[in-house]
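In: sequence unknown, structure follows:
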């Protein structure tokens, strides 16, 4: 017997479905059946067919809360996010054109917020060093991890210093988008990998530069948990610094080896997260599609119990 849905004010990301449901219409009806009233067009290896959204919206009243840039194309393991901060002018222009298409789609779907992700810092030497440090974290004995974490902090500091030009390019690109789409809110999501452009300091610089331009922060519990385990600013530091400007959060649990778990199945301190989030912040359940309806409903019950 199918477990009934749990009425809630959370948002369900379409990335949770993967190949199970291939149209946005089917995903919308499924989300409503689980108690959701809003969805996000998220990243997926199998992006949904978008025809039928208007019918689903009219019949169910469901809303599109937000859209992630990149959601129009299949997600791949090498997907690094937006190239709005690339040092290559042609790459930046292509990224701008892609972002424009996503914003136009967001507007047609009724989504007020577009989420921008970072890209890797364009330095092959730093990329190799980042990969080596990640490997050391996974192979070093726990008693010796403090040394690796100290080297990681030094690496991130050097990387942020080297990435200034890319951060400046990114900010100029977002200024362009804001001028073209003044009614749309943009949110900056933190980086996942050590060599990602959007580290703690860079996000601070970007938000300060774009403070007057409808640009906010988008938290990601699993990504920040991973960064905290590496010895760089953790969940509490990011939330204390940026929660006041948070437009939304991706709610995923994580362990050392899995970053797409349903909330309650990993190590993330969701009680801490709940204490920092503004009331009007979008709370998006975003788990790996290998987890089905029972796990999603269990995570909803868990999150509601914490006040989300």
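Out: Great, that's in hand. Please read all numbers here as calculations on a predicted model, not as lab measurements.

In: now the strands: where do they sit in the stretch 51-200 of the chain?
Out: 63-68, 113-116, 185-188 (DSSP state E, counting those that start in this stretch).

In: out of the ones you listed, which comes closest to residue 257?
Out: Nearest of these to residue 257, taken as C-beta to C-beta: strand 63-68 at 23.7 Å. The way it works is simple: take the backbone N, C-alpha and C, and place the C-beta from them, glycine included.

In: Give the pairing partners of that closest one; include direction for each.
Out: strand 38-41 (parallel), strand 113-116 (parallel) (DSSP bridges).

In: For burial, what's the neighbour tally of residue 112?
Out: 17 (other C-beta atoms under 10 Å).

In: tell me the pLDDT at it?
Out: With respect to pLDDT, residue 112 scores 97.

In: Residue 78 too?
Out: Predicted confidence (pLDDT) for residue 78: 55.

In: hang on, isn't residue 273 packed against residue 252?
Out: No - counting by C-beta atoms under 8 Å, residue 273 stays clear of residue 252, with 11.0 Å between them.

In: what is in contact with these two at once?
Out: residue 221 (C-beta atoms under 8 Å, 6 or more residues apart in numbering).

In: By residue count, tell me the biggest helix in the chain.
Out: helix 89-109 (DSSP state H).

In: For stretch 87-104, which outside residues touch it?
Out: 67, 69-72, 82-86, 114, 116, 122, 165-166, 169, 173, 176-177, 180-181, 184.

In: Assign a three-state SS to residue 47, would you?
Out: Here residue 47 is recorded as coil under DSSP: H, G, I helix; E, B strand; the rest coil.

In: Offset the numbering so it begins at 86, please.
Out: Sure, I'll start numbering at 86, so the last one becomes residue 132.

In: how near is it to residue 288?
Out: According to C-beta to C-beta, to the nearest Å, residue 132 stands 27 Å off from residue 288.

In: what's the answer for residue 373, then?
Out: For residue 373, the distance to residue 288 (C-beta to C-beta) stands at 25 Å.

In: out of those two, which sits in the busier spot?
Out: More crowded of residue 373 and residue 288, by other C-beta under 10 Å: residue 288, with 24 against 16.

In: Could you list which residues are in contact with the more buried one?
Out: Taking C-beta under 8 Å, 6+ apart, we find residue 288 in contact with 273, 275, 302, 327.

In: could those residues go into a markdown table alongside pLDDT, neighbour count and distance to residue 313?
Out: Below are the contacts of residue 288 laid out as a markdown table (pLDDT from 0 to 100; neighbours: other C-beta atoms under 10 Å; distance: C-beta to C-beta, whole Å):
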| residue | pLDDT | neighbour count | distance to residue 313 |
| --- | --- | --- | --- |
| 273 | 95 | 25 | 19 |
| 275 | 89 | 23 | 11 |
| 302 | 97 | 24 | 17 |
| 327 | 97 | 20 | 14 |
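
In: Which one of those residues is nearest to residue 366?
Out: For the contacts of residue 288, the closest approach to residue 366 (C-beta to C-beta) belongs to residue 302, at 9.5 Å.

In: does the closest residue to the closest one other than its chain neighbours sit in a helix or strand, and which one?
Out: Nearest residue to residue 302, sequence neighbours excluded (C-beta to C-beta, 6 or more residues apart in numbering): residue 327, at 4.2 Å. Using DSSP states H and E, residue 327 maps to helix 320-327.

In: Which elements pack onto that helix?
Out: If you count contacts as 3 or more C-beta pairs under 8 Å, 6 or more residues apart in numbering; DSSP states H and E, helix 320-327 packs onto helix 285-294, strand 300-305, helix 306-314, helix 355-361.

In: What ranges in this protein fall below the confidence cut-off?
Out: Along the chain, segments meeting pLDDT under 70 span 86-88, 161-166.

In: ok, 90 please
Out: 86-90, 157-167, 202-206, 225-229, 275-282, 296-299, 341-342, 344 (pLDDT under 90).

In: was I right about residue 282 contacting residue 253?
Out: No - Residue 282 lies out of contact with residue 253 (C-beta under 8 Å); the separation is 11.2 Å.
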